[in-house]
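Trainee: With the input below, show me the fold.
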Amino acid sequence: MREAESLHLVGGGYVNATWPHHAGLIVGMRAVSELTGAPLFATGQGLMPTLSPSPEEAPLFRDFTYVRARDESSAEAHGLELGLDDAFLGIEAEIGRFRAACGLYVCIQSDMADEGRFEAAVRLARAEIADASPRGIDAYYVEAFPGSDRIAYDRLADLIPESRFIPFIEVWSHGLPVSPDQTWVTSRFHLHLLASAAGARGIAVGMKKGYYDVKHESVAALGSGWPVVLDGRTPPRMPETAGPLAADLPALVRRKRAEAESLYPPARAAAQEPQPSFVSLARSKAARVFKR
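Mentor: This next block holds a predicted model:
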């Protein structure tokens, strides 16, 4: 870390009041920067529910050279500029890895859900499957998080055969099954983001108020066209047409790449020895884990 030319907090929704100890990442980065002078970057940050700043730590990103939030609520709470989720750096490659069959795709998490939200989400998925089946539309289930996403599938197994259950390891190895010829019911934020970017229609389910609703609304604000269900009291309607996010995707990707190149100029990057990317390192580590 003493030799790093910069320290970069890559985006996600993990620095917030849900996990207040993660603020130690920011404090640690600041401590290294004080020793080495390395600039501090943070991009794609989802910071809701917001941490209550203590006098000695406010603002949260004090001494950072560059910070962007991925949603308006996080930006307003911490006085930051609004940017994009860091997934936009690789989104085109990811949605092109696996060309999925048309159908209704479901992924409902059982973790981090407010009381009653899991049951309501399963009921919503069941209703959409029951509506699609008479029209000859097959239903599939995607496991985004091993274990916790399987529970909803077990509740829906009478409607979705095991042959149409797509486990996490298949998604990791071959890509997320997305295409414009799909509909979705999902509580997972990045499934909402990637599927709508591929042109799919869907319904997003917010499982935890103040956290998942903020995530999903940030994608809706980009033009996913998906309704975001928060309380389960108002039955949502599957949209008839896709939102503009898929058509706007090239411009959003260019915007995100411009941000990356402003932090890591291509000339400087080309002069350095090639290093394995974060993604390739993560895949290598995961492969070793699965082999065990």
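Trainee: Name all residues that make contact with the nearest residue to residue 47 once chain neighbours are set aside.
Mentor: Once flanking residues are discounted, residue 47 sits nearest to residue 74: 3.9 Å by CB to CB, 6 or more residues apart in numbering. Yep, even glycine has a C-beta here, placed from its N, CA and C like the rest. The contact partners of residue 74, by CB atoms under 8 Å, 6 or more residues apart in numbering, come to 45-48, 50, 80, 214.
Trainee: So which of those residues sit within helices?
Mentor: Members of those lying in helices (criterion: DSSP state H): residue 214.
Trainee: out of the contacts of residue 74, which is most surrounded?
Mentor: residue 45 (28 neighbours; other CB atoms under 10 Å).
Trainee: Look up the closest residue to that residue, ignoring the ones flanking it.
Mentor: Spatial nearest neighbour of residue 45, chain neighbours left out: residue 69 (4.9 Å); criterion: CB to CB, 6+ apart.
Trainee: If that neighbour is in a bridge, with which residues?
Mentor: Residue 69 has these beta-bridge partners by DSSP bridges: residue 45, residue 82.
Trainee: quick one: it and residue 85 touch, right?
Mentor: No. Counting by CB atoms under 8 Å, residue 85 is not a contact partner of residue 69; they are 10.0 Å apart.
Trainee: mind exporting stretch 250-261 as PDB, just the C-alpha atoms?
Mentor: In PDB, the C-alpha atoms belonging to stretch 250-261 read as follows (Å, rounded to 0.1, in the frame of the first residue of the first chain):
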ATOM      1  CA  PRO A 250     -23.500   3.600 -25.200                       C
ATOM      2  CA  ALA A 251     -23.500   7.200 -24.000                       C
ATOM      3  CA  LEU A 252     -23.500   6.100 -20.400                       C
ATOM      4  CA  VAL A 253     -20.600   3.800 -21.000                       C
ATOM      5  CA  ARG A 254     -18.700   6.600 -22.700                       C
ATOM      6  CA  ARG A 255     -19.300   8.800 -19.700                       C
ATOM      7  CA  LYS A 256     -18.100   6.200 -17.300                       C
ATOM      8  CA  ARG A 257     -15.000   5.400 -19.400                       C
ATOM      9  CA  ALA A 258     -14.200   9.100 -19.600                       C
ATOM     10  CA  GLU A 259     -14.300   9.200 -15.800                       C
ATOM     11  CA  ALA A 260     -11.900   6.300 -15.500                       C
ATOM     12  CA  GLU A 261      -9.500   7.800 -18.000                       C
END
